[in-house]
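Visitor: I need the structure of the sequence given here:
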Amino acid sequence: MAGAEEITRWKEKILRSRRKEDTALPAFVSKELAVEKSAYKGGPAYRLIPQRPAGNLFYIYHSDYTKAISTDQWRFILRLCRMTQMAVTVPLYPLAPEQDCEDVFDYLVQAYQDYCKHREKGPLILVGAGTGGGFAVSLMLQIWKEGLSDPDKVVLLSPVMDTEFFDKELEEDARQKMGPQKFDLRKEFLNRYWVKNYAGRTEFTAPIYEDLHDISKDILVASGTGDPFNEYTREFSSRVQDTGNPLKYFEYREAGRDFYLHEKRKDTKHLIRVLHDFLLDTDEAILHYYTEEIRQRAEWSKWFPEIFRDERAVKYISGHSFRARKEGQSKNIFSLMGAAVQKAYDEAVELFLKEYPDGTVIYVGCSLDTMLERVDNGRVLWYNLDSPGRMAVRTMYTGLGGREKRIERSVHDYSWVNKLVMEKDKGILFVIKDVFAYMKKKEMREFLDLLYRNFQGCNVLFDMPTPRANLMYNWKGRSRGAEYRRRRLAMRDPRREIESMSPVYAVISVRSVLENVKSKKDWKLGLRFSYWSNRNREAWKIMHIRLGFEKYRTFEELK
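Guide: Presented below is the predicted three-dimensional model:
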């Protein structure tokens, strides 16, 4: 617990840092945009107006409750204005320790009310970053009570949702990430100088615990796992989604609280694409960022229809071909192997479902693949698992629902194990496509051990290339100029290597992905030669293993 003297010293340090120019607008902003300044009780607000405004953003910046808006945040706001050509209102709300929670929301409600009166034509969008994200959620609750205009969309970037820390489990996670001493000092300071008389009024101090049914129906949330309050963001997103709201949640691995301000980061570039499409109602940036994957399956369907067919991918690419075409892939051994690997997975899953028609399939790292549409028997319990961002893109591609359940977790965030609910005696199959390829053998062993400890007797399906096949794949990836990730894991004799990992790993089958693929006369000579070379060497195999002893009843026993 932080002492009174320590809190007082921190307060004095904050007050000494205050400067008159903290509320001044940077010259690089006023040089590019027309500016209107308003004054309210508690502070000014700036309205930045492009030449032909196409909408309205109300941007609540990150202050950590005590800090003036930074130059980096002004640059980010300017970037949003350029991207959307929307007018942006930036309220410079009161700060602690001089003002408290009550002062902040008196100011924000007044500023938002005035903002609605002077809005431009076009959508009204509320954006909250950091502490401003929590303020934005509280403001939405006040908008409903005050009868003000609802925002058409809401964006929350690394939001901070609880200043009283009611949930002790979430609090402990934030405390460990931030550091116990720093966290305790922050908590005591907020309680004394920010929360004050509003203690227990969660609509202002901890909106995550409020009824979230009536907040915006079009909401996007982005956070990084390096943010001390990331678990709060996850919890908030889950609570909103549980109301039936199709919230879009993007999570960036190891990204910190203010990652969106660092424009050279790969995560930030991705987020900018997300914001472009969300704010402008398009799919031109983010969904088409992933179209290489969709395009490949569409081309496999066109070139090798007797091997593989993905109707959704074909339909999508035919409707977006003028934008989706990037570096072209030809009808060669690489595209043939891609189709063959996909066919081998589909056949193996169908075989599992014949034995366990009421079983559970967990597709780990599903990305945008619509395997369930191809193998569905009408009875299987199907989970698709991937990172929150990729699952949000998946929703843009396939829409919500059908019979699949979705888990928005990184493959490497093993908390997803606790999200699986199933009848274990009806068979479990983990489909792990393109996940082990980027691991080391030790990491693969740790992953399989995790499945063994939690789902003993489960089945696992994965593919494994030889070292030579991996070498050729990596060479092709570099030469194509596509976003390249080097494959790391390969095995010459996967049966022997898997069985040597643990005596409880039983190899059920090892098949070449080309086993059920026949050469066609219309293939060019080079393709036919490569086909026979890879088939004879069994350059790429699909493996079916069982972890531990079989505990599930077969189809005959279930009858």
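
Visitor: need the three-state assignment for residue 99.
Guide: coil (DSSP: H, G, I helix; E, B strand; the rest coil).

Visitor: and the pLDDT for it?
Guide: In the predicted model, residue 99 carries a pLDDT score of 94.

Visitor: residue contacts, it?
Guide: Remark: with contacts taken as CB atoms under 8 Å, 6 or more residues apart in numbering, residue 99 is in contact with residue 42. The way it works is simple: take the backbone N, C-alpha and C, and place the C-beta from them, glycine included.

Visitor: mind checking how far it is from residue 7?
Guide: As for residue 99, its distance to residue 7 is 17 Å (criterion: CB to CB, to the nearest Å).

Visitor: what's the answer for residue 508, then?
Guide: Per CB to CB, residue 508 is found 62 Å from residue 7.

Visitor: between those two, who's got more neighbours?
Guide: A direct count of neighbours by other CB atoms under 10 Å for residue 508 and residue 7 places residue 7 higher, at 19 against 13.

Visitor: so which residues make contact with the helix or strand harbouring that one?
Guide: Per DSSP states H and E, residue 7 falls inside helix 4-17. The list of residues contacting helix 4-17 from outside it, by CB under 8 Å, 6+ apart, reads 66, 96-98, 185, 188-189, 192-193.

Visitor: try stretch 355-363
Guide: 349, 352-353, 369, 371-372, 377, 379-385, 420, 422-423, 426-431, 433, 552, 554-555, 558.

Visitor: ok now the helix holding residue 7, how far from the chain's centre?
Guide: 38 Å (CA atoms, centre = their mean, to the nearest Å).

Visitor: in the next helix-or-strand element following that helix, which residues are buried?
Guide: Once helix 4-17 ends, the next helix or strand along the chain (criterion: DSSP H and E) is helix 27-30. The neighbour-count check on helix 27-30 (16 or more other CB atoms under 10 Å) flags residue 29 as buried.

Visitor: how about stretch 107-125?
Guide: When neighbours are counted by 16+ other CB under 10 Å, the buried residues of stretch 107-125 are found to be 107-112, 114-116, 119-120, 123-125.

Visitor: could I get those as TSV with distance to residue 517 and pLDDT?
Guide: Written out in TSV, the entries for the buried residues of stretch 107-125 read as follows (distance: CB to CB, whole Å; pLDDT from 0 to 100):
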residue	distance to residue 517	pLDDT
107	67	96
108	63	96
109	65	95
110	69	95
111	65	96
112	61	96
114	67	93
115	62	93
116	62	91
119	60	87
120	58	87
123	50	94
124	55	95
125	50	96
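
Visitor: all strands of the stretch 201-350 of the chain, in order?
Guide: Across the stretch 201-350 of the chain, reading from the start of the chain, the strands by DSSP state E, counting those that start in this stretch fall at 219-224, 248-252.

Visitor: quick one: which of those strands is nearest residue 86?
Guide: Among the strands of the stretch 201-350 of the chain, strand 219-224 comes nearest to residue 86, with 15.4 Å by CB to CB.

Visitor: list the helices and strands the closest one packs on?
Guide: strand 153-157, helix 230-242, strand 248-252, helix 266-280 (3 or more CB pairs under 8 Å, 6 or more residues apart in numbering; DSSP states H and E).

Visitor: got the buried residues for that strand?
Guide: 219-224.

Visitor: again with stretch 361-374
Guide: Within stretch 361-374, the residues that qualify as buried by neighbour count (16+ other CB under 10 Å) are 361-372, 374.

Visitor: which members of those are positioned in strands?
Guide: Of the positions in the buried residues of stretch 361-374, 361-364 sit in strands, assigned by DSSP state E.

Visitor: how about those in a markdown table, adding pLDDT and distance to residue 547?
Guide: Compiled in a markdown table, these are given as follows (pLDDT from 0 to 100; distance: CB to CB, whole Å):
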| residue | pLDDT | distance to residue 547 |
| --- | --- | --- |
| 361 | 97 | 15 |
| 362 | 97 | 13 |
| 363 | 97 | 17 |
| 364 | 97 | 14 |
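
Visitor: among these, which pair sits farthest apart?
Guide: Pairwise distances across those peak at 10.2 Å for 361 and 364 (criterion: CB to CB).

Visitor: now do the shared contacts for those two.
Guide: Once CB under 8 Å, 6+ apart is applied, the residues that residue 361 and residue 364 both contact turn out to be 430-431.

Visitor: quick one: residue 255 and residue 230 touch, right?
Guide: No - at 9.1 Å, residue 255 and residue 230 do not qualify as touching, with contact defined as CB atoms under 8 Å.

Visitor: now do the shared contacts for the two.
Guide: With the criterion set as CB under 8 Å, 6+ apart, the overlap between the contacts of residue 255 and residue 230 is 223-224.

Visitor: could you check the pLDDT of residue 410?
Guide: Here the pLDDT value assigned to residue 410 is 89.

Visitor: and it, what does it touch?
Guide: Counting by CB under 8 Å, 6+ apart, the residues that residue 410 touches are 225, 251, 253, 387.

Visitor: what does stretch 42-50 contact?
Guide: Contacts to stretch 42-50, defined as CB under 8 Å, 6+ apart, come from residues 23, 25, 29, 33-39, 77-78, 81-82, 85-94, 99, 103-104, 106-107, 111, 114-115, 118, 120.

Visitor: ditto for stretch 163-174
Guide: Residues outside stretch 163-174 that contact it (CB under 8 Å, 6+ apart): 65, 101, 134, 162, 183, 187, 190-191, 194-195, 199-200, 202, 205-206, 209, 228-229, 231-232, 235.

Visitor: please repeat the previous calculation with a cut-off of 7 Å.
Guide: Contacts to stretch 163-174, defined as CB atoms under 7 Å, 6 or more residues apart in numbering, come from residues 183, 187, 190, 194-195, 199, 205-206, 209, 228-229, 231-232, 235.

Visitor: among those residues, which lie within helices?
Guide: Assigned to helices by DSSP state H, the following of the contacts of stretch 163-174 qualify: 183, 187, 190, 205, 231-232, 235.

Visitor: any chance of the residues you listed in CSV, with distance to residue 445 too?
Guide: Compiled in CSV, those are given as follows (distance: CB to CB, whole Å):
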residue, distance to residue 445
183, 36
187, 41
190, 45
205, 46
231, 28
232, 34
235, 32
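
Visitor: now the residues you listed: which count as buried?
Guide: Among those, those buried by neighbour count (16+ other CB under 10 Å) are 183, 187, 190, 205, 231-232, 235.
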